[in-house]
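Peer 1: fold the stuff below for me.
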Amino acid sequence: MPLQSAPAAVPADTRARILDLAEGLLLERGFNAFSYQHIARELGIKPAAVHYHYSSKDDLGTAIVARQLRRLRKWRDLPRVADLPPAEQLEALLAVYDSHARHACRVCLFGALAADFRTLPAPMQAELRTFNRELTEWLAQVLAAGRATASLRFVGSPAAKAAQVLTTLAGALQVARVHDETPFQLIVGQLRLELLSPNP
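Peer 2: Modelled structure (predicted):
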């Protein structure tokens, strides 16, 4: 059986454009609130072209989360992040969430998918769990190193504090969506006040 070729009218970068647009719709509306019709209409293509690249919405959703996981791994290993002192690594993470708040108060991936988690396909659930676990483990390592060098302060285990911080950040983006960016900045300011040692 010959390999199926892409429709001639579809640009070579359509797969990436579909993924980008679907990710934006997911963060804006949630996974269950958009369809291939939305994507096709926005890109000016036929739904069949979307199905050519992602045979089902389950495949598309899994690809979105898998790409975010790859981005997380690449980001945490960048010298401009990995080589920073712990307190500055924490600030780098806060800057990522701040960019969401400044982008029309967009929620994070975890916040966008958590409410719909039980309706997500199993591969997508697995990718989201892996994403959350790896981000939490990374932050726990940062917090532990920061406490060891007296640049960060907190009580309890680094793993528990990391989970609390990430939950707080995800919730702060949800609050910002309801109101505006102001409460997000207040919440992040409180995190800094509690975590950053006054004289590192």
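
Peer 1: what about the residue most central in space within the chain, distance to Pro121?
Peer 2: Nearest residue to the geometric centre of the chain (Cα atoms, centre = their mean): Leu109, 3.7 Å. Distance, Leu109 to Pro121, by Cβ to Cβ, to the nearest Å: 16 Å. From N, CA and C alone the C-beta is placed, and that goes for glycine too.

Peer 1: sorry, back to before: how about the residue nearest to the centre of the chain: what's its closest non-neighbour residue?
Peer 2: Closest residue in space to Leu109, ignoring its immediate chain neighbours: Gln68 at 5.2 Å, by Cβ to Cβ, 6 or more residues apart in numbering.

Peer 1: in which helix or strand would I find that neighbour?
Peer 2: Using DSSP states H and E, Gln68 sits in helix 57-77.

Peer 1: buried residues, whatever helix or strand comes next after that helix. List them.
Peer 2: As assigned by DSSP H and E, the chain's next helix or strand after helix 57-77 is helix 79-82. Buried residues in helix 79-82, counted by 16 or more other Cβ atoms under 10 Å: Val81.

Peer 1: now stretch 59-70
Peer 2: Under 16+ other Cβ under 10 Å, the buried positions of stretch 59-70 are Leu60, Gly61, Thr62, Ala63, Ile64, Val65, Ala66, Arg67, Gln68, Leu69.

Peer 1: gap between the helix ranked longest in the chain and the chain center?
Peer 2: For the chain, the helix with the greatest residue count under DSSP state H is helix 122-148. The chain centroid and the centroid of helix 122-148 are separated by 12 Å under Cα atoms, centre = their mean, to the nearest Å.

Peer 1: ok, Asp58 touching Gln125?
Peer 2: No: if you go by Cβ atoms under 8 Å, Asp58 and Gln125 don't touch, sitting 10.6 Å apart.

Peer 1: between the helix or strand harbouring Ala176 and helix 122-148, how many degrees?
Peer 2: Secondary-structure assignment from DSSP H and E places Ala176 in helix 158-178. Taking axes from the mean of the first three to the mean of the last three Cα atoms, to 10 degrees, one finds helix 158-178 and helix 122-148 inclined to each other by 110 degrees.

Peer 1: what distance do you get for Pro86 to His103?
Peer 2: 27 Å.

Peer 1: more crowded one of those two?
Peer 2: More neighbours surround Pro86 than the other of Pro86 and His103, with 19 against 10 (other Cβ atoms under 10 Å).

Peer 1: I figured that one hits Trp138, correct?
Peer 2: No: look at Pro86 against Trp138 with Cβ under 8 Å: they stay out of range, at 11.4 Å.
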